[in-house]
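**Q** I would like the atomic coordinates for the input below:
(4 chains)
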Protein chains: 2
Amino acid sequence: MSVSDYSGRAAEILDVAEARMREGGFEAVSFRDIAAAIGIKSASVHYHFPHKTDLGHAVIERYQARFAEQLGAPDDPGESVAERISRLCGGYHDATLKEGKVCLACVLGGEALDLPKALADRISVYFSWLIDWTEKAMTPGGSDRPVADLKAGQVIASLQGAMILAIATKRPELFLETESWLMRTVGGSGPAAPRMRSL
Amino acid sequence: MSVSDYSGRAAEILDVAEARMREGGFEAVSFRDIAAAIGIKSASVHYHFPHKTDLGHAVIERYQARFAEQLGAPDDPGESVAERISRLCGGYHDATLKEGKVCLACVLGGEALDLPKALADRISVYFSWLIDWTEKAMTPGGSDRPVADLKAGQVIASLQGAMILAIATKRPELFLETESWLMRTVGGSGPAAPRMRSL
DNA sequence: TTTTCTCTACCTATCGATAGGTAGATACAA
DNA sequence: TTGTATCTACCTATCGATAGGTAGAGAAAA
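**A** Take a look at the predicted model:
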């Protein structure tokens, strides 16, 4: 049982908090909003998450755990680089085009300088973890150096930046062009044929 | 006299508002904060900018005008692509490493879904303008198609994303690797030799 | 005298947070 | 089986702080 397994009310609260956070950042989350959305009182939200920082921290923690599960292992030798990068892009793709929202870390990263220190630190950890995953994912099994003349940080930066542009301008092609470019550039040289996702 | 020429109190107010906005987004700006920072009363801020949306709009307007001046013409035939892209990167470079803050559009873009409509629309216009500038800048004089297998939107997305990563993780190299990659990839094939900025 | 700017003195709404209480379930001993 | 205790999951009511915004007076320059 991980620290990020929530059920019942607590999970409902985190769902609403995460959605609000991805729309307007940490300051856009309010105990009253959450309570009203669920149909309880704000004091009950405080029962589950005493301080706002606790709530924010739990949201990020669960978010990363869920994404990690979705991404899977970055170093499974039975898998091609293309398959891994396809899963990475898929996460961003769904967030941008299906959910129509920017990813959590993107919003919080933008306002990191104004976040409670605990949250700013947690976001920093999230980014480092994701870059680390991507670097491993870009390294083909049996090799010791990543594919492509592109660092893992650049891959993540491209996805995040494209996501913001696409959402803010309501022009999904601004994300799609980055996604297909990444699949060509980073995912194109794995041992297995790139299995393109349906776009 | 442009709409973005402000002086005296109004300019002071915009300076503080812009700084706060770049740290914590639109919601982090408050009339009381601004007034206290300058040494006047919040009602006086309302005199210059009646509503918060007016203030936000003026900040973006002035921000774009200043950046446009810094970028110069994207189609001066006497200039290489490298020189133009170098100026573009330079703007982001200074914001990230000298000012230590994410750029304005980046923060506001992240919370675009929660912004007053007038501001969300204005940010969208800003992004479209910047992508347009970059597309022109990537097209060498006398040619009709851009240099490099990279669209203008991807260049901006990379810069913005790298900026967020660098600030949120306090790892400037995450920005620098994108900057030098862009100079190699996009700026490297202009008629004049790429004049590298001091990094 | 009119315009420009800043002031004092408010307003209402909302924020995160706390105190204190309660209904219901569970557990355990007499 | 009854009485006591404890825990969970909420509740109402309220706190001080802060948000954006307004009315009207005062000062100073044109």
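**Q** just the pLDDT for the most centrally placed residue in chain A.
**A** Centroid-nearest residue in chain A: residue A:103, 5.3 Å away (criterion: CA atoms, centre = their mean). pLDDT for residue A:103: 96.
**Q** and what of residue A:195?
**A** pLDDT, residue A:195: 42.
**Q** likewise residue A:145?
**A** pLDDT, residue A:145: 69.
**Q** break chain A into its domains for me.
**A** What the record gives for chain A is the domain set A:1-71, A:74-189, from automatic domain parsing.
**Q** so where do the helices sit in chain A?
**A** Along chain A, counting by DSSP state H, helices occupy A:8-24, A:31-38, A:42-48, A:52-71, A:81-93, A:104-110, A:117-137, A:152-169, A:173-185.
**Q** looking at those helices, which is closest to residue B:18?
**A** Proximity to residue B:18 (CB to CB) singles out helix A:104-110 among those, at 14.8 Å. Placement of C-beta: from N, CA and C, glycine included.
**Q** what packs against the closest one?
**A** helix A:8-24, helix A:52-71, helix A:117-137, helix A:152-169, helix B:104-110, helix B:152-169 (3 or more CB pairs under 8 Å, 6 or more residues apart in numbering or on different chains; DSSP states H and E).
**Q** buried residues in stretch A:6-21?
**A** A:6, A:10, A:12-21 (16 or more other CB atoms under 10 Å in any protein chain shown).
**Q** next up, the contacts around the nearest residue to residue A:66 once chain neighbours are set aside.
**A** In space, and not counting its chain neighbours, residue A:66 is closest to residue A:4: 7.6 Å by CB to CB, 6 or more residues apart in numbering or on different chains. Listed by CB atoms under 8 Å, 6 or more residues apart in numbering or on different chains, the contact partners of residue A:4 are A:58, A:61-62, A:64-66.
**Q** over to residue A:185?
**A** A:148, A:150.
**Q** close to DNA strand D: what parts of chain A are there?
**A** A:8-9, A:35, A:40-44, A:47-48 (CB under 7 Å from any atom of the strand).
**Q** deepest in the core, which of the domains of chain A is it.
**A** The highest mean neighbour count among the domains of chain A, using mean count of other CB atoms under 10 Å in any protein chain shown, belongs to domain A:74-189: a mean of 20.
**Q** run the contact check for that one versus DNA strand C.
**A** No. Figure legend: domain A:74-189 not in contact with DNA strand C (CB under 7 Å from any atom of the strand); closest approach 8.9 Å.
**Q** how near is the residue nearest to the centre of chain A to DNA strand C?
**A** Between residue A:103 and DNA strand C the computed distance is 21 Å (CB to the nearest atom of the strand, to the nearest Å).
**Q** check contacts around that residue.
**A** A:22, A:92, A:95, A:160, A:163.
**Q** near chain B, list only the ones from those.
**A** A:22, A:160 (CB under 8 Å from any CB of the partner chain).
**Q** wait, which of the contacts of residue A:103 is closest to DNA strand D?
**A** DNA strand D lies nearest to residue A:22 out of the contacts of residue A:103, by CB to the nearest atom of the strand, at 21.8 Å.
**Q** my read: the closest one touches residue A:102, true?
**A** Yes. Assessed by CB atoms under 8 Å, residue A:22 is found in contact with residue A:102 at 6.1 Å.
**Q** re the thing from before, flag the least confident of the residues of chain A next to DNA strand D.
**A** Within those, pLDDT is lowest for residue A:8, at 82.
**Q** quick check: that residue vs DNA strand C, distance?
**A** 14 Å.
**Q** just residue A:114 next, same as before
**A** In terms of CB to the nearest atom of the strand, residue A:114 sits 14 Å off from DNA strand C.
**Q** likewise residue A:61?
**A** 17 Å.
**Q** now do residue A:80
**A** Distance from residue A:80 to DNA strand C, by CB to the nearest atom of the strand: 45 Å.
**Q** quick one, phi/psi of that residue?
**A** phi -80, psi 160 (degrees, to the nearest 10).
**Q** right, and it touches residue A:137 too?
**A** No. Counting by CB under 8 Å, residue A:137 is not a contact partner of residue A:80; they are 10.1 Å apart.
**Q** residue ranges with poor pLDDT in chain A?
**A** For chain A, the stretches flagged by pLDDT under 70 are A:1-3, A:142, A:144-145, A:147, A:188-199.
**Q** one step back: can you add distance to residue B:122 and give the helices and strands packed on helix A:104-110 back as JSON lines?
**A** Formatted as JSON lines, those follow (distance: least, CB to CB, whole Å):
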{"stretch": "helix A:8-24", "distance to residue B:122": "17"}
{"stretch": "helix A:52-71", "distance to residue B:122": "28"}
{"stretch": "helix A:117-137", "distance to residue B:122": "27"}
{"stretch": "helix A:152-169", "distance to residue B:122": "10"}
{"stretch": "helix B:104-110", "distance to residue B:122": "9"}
{"stretch": "helix B:152-169", "distance to residue B:122": "17"}
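**Q** which stretch among these comes nearest residue A:146?
**A** Nearest to residue A:146, of all the helices and strands packed on helix A:104-110, is helix A:117-137, at 6.3 Å by CB to CB.
**Q** what sits against residue A:21?
**A** A:28-29, A:56, A:59, A:104, A:107-108.
**Q** among those, which one lies nearest to DNA strand C?
**A** For the contacts of residue A:21, the nearest to DNA strand C is residue A:29 (5.6 Å; CB to the nearest atom of the strand).
**Q** residue contacts, the closest one?
**A** Going by CB under 8 Å, 6+ apart, the list of residues near residue A:29 reads A:17, A:20-21, A:52, A:55-56.
**Q** that's all I had, so thanks and see you.
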